[in-house]
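Enquirer: curious how this folds, go ahead:
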Amino acid sequence: MERVVVTGLGAISPCGNDVPTNWTAIRDGHSGVGRITRFETEGWKVQIAAEVNDFDANEILGRRQARRMDRFTQLGVVAAHEALLDAGLDLSEPLGDRAGIYVGSGIGGIQEIEKGSIAVHENGPKAVSPFFITKCLANLTAGHLSIRYGARGPILSVTTACAVGNHSIGEAWRLLATGGADLVIAGGCEAPITPVSIAGFSVMRALSKNNGDPQNASRPFDVDRDGFVMGEGAGVLVLESLSHARARGARIYAEVLGYASTSDAHHITAPAPGHAGAVRCMREALRVAGLRPDQVDYINAHGTSTPQNDVNEAQAIKTVFGDHASTVAVSSTKGVTGHLLGAAGGLEAVATIKALEQQVVPPTATLRTVDPDIAALGLLLPNTAMEAPLRVALSNAFGFGGTNATLIFRRWEA
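Expert: Numbers count the residues shown, from 1 in each chain. Down below sits the predicted model:
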């Protein structure tokens with residue numbers, strides 16, 4: 001088995017349009033949540049979201065190519081471009097036959113779908129863009145990346161709701177570990193802030209209605225949480241086999257030590273009692289990594305700010321980590337980024353790796369009063385950034401349909 005390392009990071013979120021800006025905001029607890037500006041929400045129960053601001057895809061893609069992509073693809077391609085540059089790769093040459101693309105989306109081109117639906121309803125079939133289909137398909141981010149950078153190896157786009165990023169990175173790790181490629185661009189992207197998406201999640205009672213205090217509306221583990229805040233963005237890693245990274249003299253951030261995926265087989269939206277699927281997922285990832293629970297220093301929780309998820313995940317962490325749950329730092333960066341759905345896992349992988357690099361636990365910045373049901377479990381839940389000697393970190397992601405994915409990273413020590 002090949003060892004697999006992370007050599008490049010790319011991120012766009014409501015907290016910033018590159019990795020340094022994102023990390024500073026996440027570390028310092030600067031929220032990217034605000035009032036929705038994309039469409040009129042007067043009279044709506046939910047009027048807040050975590051929007052990406054000042055994003056101009058034309059700068060990297062050019063106007064002609066950007067027009068042919070839905071926003072979710074624009075975000076994914078631009079974040080991947082940052083990751084490739086960060087990895088020190090020569091983009092003047094094709095990446096070649098041994099380079100793959102594992103980038104997915106939970107929803108895909110929902111903005112184009114809404115736009116096309118309105119056009120055909122109001123003006124008939126000829127009003128639909130000839131790029132409608134290719135802008136909608138969830139796998140087209142990976143397709144554009146493959147073409148743009150000449151990556152002719154395996155290409156895969158998983159669609160596992162909010163676990164997309166973790167599954168993409170984990171499956172890329174498997175491919176690299178078994179020798180199926182030398183390099184893989186992996187992560188997730190999403191642009192779901194549209195009237196239909198907000199309305200759909202709102203009628204499910206999944207979204208926060210704290211319109212009067214947007215920056216504190218996403219409050220994982222807090223007793224007053226009332227739902228998640230929808231966000232958009234992308235998080236992308238460049239993964240390489242260790243031998244390939246060393247051969248080209250690459251700078252290495254971290255090693256991917258473990259990955260696991262399980263299913264709850266319980267309910268289409270609600271986790272199983274005690275989050276049994278998450279328990280099995282974390283335990284399997286630890287087994288694959290060859291680690292004991294007490295060897296994990298930080299857990300980047302899924303922590304969506306919904307009543308059910310947060311309690312269930314906390315119970316799962318307590319079940320897996322036992323007494324170490326009071327020692328291992330647990331935080332949710334969704335307190336400031338909102339929930340990026342299919343992009344969440346990719347962005348949180350970036351945040352987890354930066355935490356290892358910088359030796360800083362990012363906070364659950366909006367946490368004021370811990371839910372008594374969670375407090376009783378004795379988890380260490382820092383609400384301000386905390387310097388700590390971090391060597392191993394675990395990141396969770398869970399999605400509708402009962403899908404779970406856990407990644408484990410180790411700080412690179414040459």
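
Enquirer: find the nearest non-adjacent residue to E82, please.
Expert: G10 (3.6 Å; C-beta to C-beta, 6 or more residues apart in numbering). From N, CA and C alone the C-beta is placed, and that goes for glycine too.

Enquirer: what about that neighbour, how many residues nearby?
Expert: Residues contacting G10 under the criterion other C-beta atoms under 10 Å number 29.

Enquirer: next helix or strand past the helix or strand it falls within?
Expert: Using DSSP states H and E, G10 falls within strand 4-12. The C-terminal neighbour of strand 4-12 among helices and strands, as given by DSSP H and E, is helix 19-28.

Enquirer: flag every buried residue along stretch 4-14.
Expert: 4-14 (16 or more other C-beta atoms under 10 Å).

Enquirer: ok, now which ones touch the residue nearest to E82?
Expert: 18-19, 78-84, 86, 187, 234-237, 350 (C-beta atoms under 8 Å, 6 or more residues apart in numbering).

Enquirer: swap in 6 Å and give it another go.
Expert: Contacts of G10 were listed using C-beta atoms under 6 Å, 6 or more residues apart in numbering, and they are 79-80, 82-83, 236.

Enquirer: how about TSV for the buried residues of stretch 4-14, with pLDDT and distance to E255 added?
Expert: Shown next, in TSV, are the buried residues of stretch 4-14 (pLDDT from 0 to 100; distance: C-beta to C-beta, whole Å):
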residue	pLDDT	distance to E255
V4	98	7
V5	98	5
V6	98	7
T7	98	11
G8	98	14
L9	99	14
G10	98	19
A11	98	20
I12	98	25
S13	98	24
P14	98	29
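
Enquirer: mind listing the helices for the stretch 1-150 of the chain?
Expert: In the stretch 1-150 of the chain, the helices defined using DSSP state H, counting those that start in this stretch lie at 19-28, 58-61, 63-67, 71-86, 110-123, 132-136, 140-149.

Enquirer: just the angle for the last one relative to helix 71-86, thanks.
Expert: What it means is helix 140-149. 40 degrees (axes from the mean of the first three to the mean of the last three C-alpha atoms, to 10 degrees).

Enquirer: contact partners of helix 140-149?
Expert: By C-beta under 6 Å, 6+ apart, helix 140-149 touches 73, 76-77, 80, 95, 101, 103, 134, 155, 157, 189.

Enquirer: mind listing the strands the helix or strand following that helix pairs with, and their directions?
Expert: Counting by DSSP H and E, the next helix or strand C-terminal to helix 140-149 is strand 155-156. Strand 155-156 pairs in its sheet with strand 99-104 (parallel), by DSSP bridges.
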